[in-house]
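K.L.:
Just a sequence and a predicted model for now, questions to come.
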Amino acid sequence: MKKILSFLLITLIVISLCACDTNNTDTEKQPVEEKVQIDTSEKSVLETVRDEIISSLEIEDAMFMETEKLNSLYGIDADKVKDSACFVTMSGTFPHEIIMVEADTKDDVDQISMALEKKLGEVLVQSKSYDAENYRLAQQCKVYTKDNYAVLFLSPEYAKMQTILEKYI
Amino acid sequence: MKKSMIFMLVLTVLVVNLGIVLGKELSKNPFSDIDKTMWSYDSITNLYTKRILEPENENFMPFEYETRANIMSYLYNYAKSLGKDVSVLKECEFNDVSKTDSYYNAVCWAYENGITGGSEKNRFAPLESCTRQEVCTFMMRFADKYGLVLKQRGDETQFTDSLEIETYARSYVSASKLSGIVRGDEKGYFNPFDEITREEAAVMIDKFTQVAVKKTKNAVSPEKGKYDYLYDEYKPAPFNSKVGESKAVDDSWFDDAVFVGDSISVRLQLYSTAKDLLGDASFLCATSLSPENVLSPVTEDSIHPSIGGQKVSVPDGLKMSNAKKIYIMLGINSLRAGVDVTVKQLKNFIVQAGKILPKAEIFVQSVTPMTKDSNINADNLNNEIINEYNRKVNKMCDENGWYFINIAKAVSDEKGYLKDEYCSDNPDMGIHFNSKAAQVWVDYLKTHVPKKLKG
């Protein structure tokens, strides 16, 4: 009797444990408001965004730009940058320039954002007289800032890149 | 006690000697803006020691242009140092030189003794700069006046631009060359109309004082017209501007280079920046830049390159770069207006660039072709027009002593089209480079460096 009761008790426990494990394993869609949790032990947020942009959009000739190069190209002082993930490609009529920066402070992000606006303005002026289609595409590009992040996607794939970015930031 | 006294004695001797050495150095050089690292240091201090150069303040300003008045003052003081009578018999006739000017006596003496005839009627233009041929003329007239000859230290070979020297100055320049006072630049140019800097003038005058003598064997004569015969049948060797293949230089060769160009060159800028190529070269590139707009001022809507995020005019950018090599690729954005007008505009820009950076070498790169399927191929812009432009630009470079880098050759197929494999926007525009072409470009630049400049 004791043995039977023990067996029944153990069986009940096992069944109850199995019943707990009935989570919905359908994880294909994440709720929109949830941000992806990043394991930053190896890659930063921006590097993750960059790599996802490159792989999702099948960009073949991305050339990475180190933070120190940003001053000569865009007037972004490396001392104001906590992290960056930038690259350019040589495809199309206009080279694609992807500039993603995390600044140290709010003041720094404002200054970096201004530098990116200047760059965007430059591209608009130059494309206006050069090529109508590229001017149209350039007009869709915007400087994006959130918290200490400042980003500019100078690319015809601007919208797709923005979607990927907003998953993480 | 004894030891401390010996120590004090040794210390005193050292301090006194140091003071003597420093004192000698200071007395030899009264200027705070020249030092021993400068090539002109010895000449400047020699002239000061000989009292030919009299400082007006503690700055010599070696890179400023030398004035006509100062040249007269140097020669005047040199005459005094030779014990010559420098008194003047009558007042100066120039209406732009007054008795209160510090150079009044020097200018009057120079005019009275035939060393200068003035700038134009009744004017001397004392504060205007002096050209190289003018300084040679003044020195030789001085020597002729005082019965001096010059030691021979040079030869009778002509400068590449000898025929550009004004007729009145030719013999004097030749005498200056024969006596080793002038040698010309690395390409054999004398540049007769170049304005002379203060340090250059000091070196010339100092050399002059060293070679001017009463008599000597194989003397060079300063007489007017003595060497005119050297120009009678002289035909300068044509300058071949096209740079042939050479052994590759290191990326650091481009540290003092600036690249001026349009959207094609923007690719080079991005590629070389990302890949750490071409050393510390700077770039003044912008989409739509052309020979037509390259010198235009900066406005909100203007096409201009930027440096560190700031829009700059190309002339300002050149000044900021202080480059010793200027690489230029411009033309495709203006060619619809015509080949000849574009060549003319390009030449005008290069001449202006040469004035901003007079010591820089100019490298003009050929405009690169379109692909076979380019959608912008039209009657007024196609590869035939580009080729014609490149031929005329090459000829322009031959005539002006500028180097020509035929990059178009490196990226073209056997029919002269831009290779499809090198093009990033075929057939939309069919002119822009991808990464592969950019690397070909970098490699071409590194393997096409004039031998004379490699050292």
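P.N.:
Happy to help now that I have it.

K.L.:
Which parts of chain A are strands?
P.N.:
Along chain A, the segments classed as strands by DSSP state E run A:63-65, A:81-84, A:86-89, A:96-103, A:143-146, A:149-154.

K.L.:
Pass me the low-pLDDT residue ranges in chain B, would you?
P.N.:
B:1-2, B:10, B:12-13, B:15-27, B:455 (pLDDT under 70).

K.L.:
interface residues of it facing chain A?
P.N.:
For chain B, the contact set with chain A under Cβ under 8 Å from any Cβ of the partner chain comprises B:263, B:266-267, B:270-271, B:273-275, B:282, B:286-288, B:300-303, B:306-311, B:424-425, B:428-429, B:432-435, B:438. Backbone N, C-alpha and C define where each C-beta goes, glycine included.

K.L.:
What's the nearest residue in chain B when you look at chain A?
P.N.:
Relative to chain A, the nearest point of chain B is residue B:309 (2.0 Å; Cβ to the nearest Cβ).

K.L.:
How many residues are close by residue 133?
P.N.:
Because you didn't say which chain, this covers chain A. Residues contacting residue A:133 under the criterion other Cβ atoms under 10 Å in any protein chain shown number 12.

K.L.:
try again with chain B
P.N.:
24.

K.L.:
who touches it in this structure?
P.N.:
B:165-166, B:169, B:172-173, B:190, B:192-193 (Cβ atoms under 8 Å, 6 or more residues apart in numbering or on different chains).

K.L.:
ranges for the helices of chain A?
P.N.:
Counting by DSSP state H, chain A has helices at residues A:2-20, A:45-56, A:70-74, A:106-128, A:132-140, A:158-168.

K.L.:
Looking at the ones you listed, which one is packed in the most?
P.N.:
helix A:70-74 (a mean of 21; mean count of other Cβ atoms under 10 Å in any protein chain shown).

K.L.:
what about stretch A:78-97, average pLDDT?
P.N.:
Averaging pLDDT along stretch A:78-97 gives 92.

K.L.:
Hmm, I typed the wrong one, I wanted stretch A:120-138.
P.N.:
87.

K.L.:
hmm, it touching chain B?
P.N.:
Yes - using Cβ under 8 Å from any Cβ, stretch A:120-138 reaches chain B at A:122, A:125-127, A:129-131.

K.L.:
what's the span of that stretch, first residue to last?
P.N.:
Stretch A:120-138 stretches 8 Å from its first residue to its last (Cα to Cα, to the nearest Å).

K.L.:
can you give me how far that stretch is from the chain middle?
P.N.:
25 Å (Cα atoms, centre = their mean, to the nearest Å).

K.L.:
what's that stretch in contact with?
P.N.:
For stretch A:120-138, contacts defined as Cβ under 8 Å, 6+ apart pick out A:93-94, A:139, A:141-143, A:152, A:154, A:156, A:158, B:263, B:286-288, B:300-303, B:306, B:311, B:429.

K.L.:
which of the residues you listed count as buried?
P.N.:
Taking 16 or more other Cβ atoms under 10 Å in any protein chain shown as the criterion, what is buried in those is A:93-94, A:141, A:143, A:152, A:154, A:156, A:158, B:263, B:286-288, B:303, B:306, B:311, B:429.

K.L.:
Just the buried ones from the contacts of residue B:133?
P.N.:
For the contacts of residue B:133, buried by 16+ other Cβ under 10 Å: B:165, B:169, B:172-173, B:190, B:192.

K.L.:
Tell me which two in those residues are the farthest apart.
P.N.:
Greatest spatial distance in the buried ones among the contacts of residue B:133: B:172 and B:190, 11.8 Å, computed using Cβ to Cβ.

K.L.:
Residue A:88 and residue B:413, how far apart?
P.N.:
From residue A:88 across to residue B:413, the span is 27 Å (Cβ to Cβ, to the nearest Å).

K.L.:
These two: who's more crowded?
P.N.:
residue A:88 (26 against 14).

K.L.:
Next up, the contacts around that one.
P.N.:
Taking Cβ under 8 Å, 6+ apart, one finds A:62-63, A:65, A:95-98, B:270, B:274 in contact with residue A:88.

K.L.:
Residue 56: what's it in contact with?
P.N.:
Here I'm looking at chain A. Going by Cβ under 8 Å, 6+ apart, residue A:56 touches A:160, A:164.

K.L.:
was after chain B, sorry
P.N.:
For residue B:56, the contacting residues are residue B:102, by Cβ under 8 Å, 6+ apart.

K.L.:
three-state assignment of it?
P.N.:
coil (DSSP: H, G, I helix; E, B strand; the rest coil).

K.L.:
how about it, phi and psi?
P.N.:
Dihedral pair for residue B:56: phi -90, psi -30, per degrees, to the nearest 10.

K.L.:
likewise residue B:403?
P.N.:
Dihedral angles (degrees, to the nearest 10) for residue B:403: phi -80, psi 150.

K.L.:
gap between it and residue B:205?
P.N.:
Look at residue B:403 and residue B:205: by Cβ to Cβ, they are 33 Å apart.

K.L.:
Which one's more surrounded, the two?
P.N.:
residue B:205 (28 against 23).

K.L.:
quick one, what contacts that one?
P.N.:
With contact set as Cβ under 8 Å, 6+ apart, residue B:205 has these partners: B:43, B:47, B:52, B:71, B:74-75, B:78, B:135, B:139.

K.L.:
can we see that at 6 Å?
P.N.:
Residue B:205 sits next to residue B:74 when contact means Cβ atoms under 6 Å, 6 or more residues apart in numbering or on different chains.
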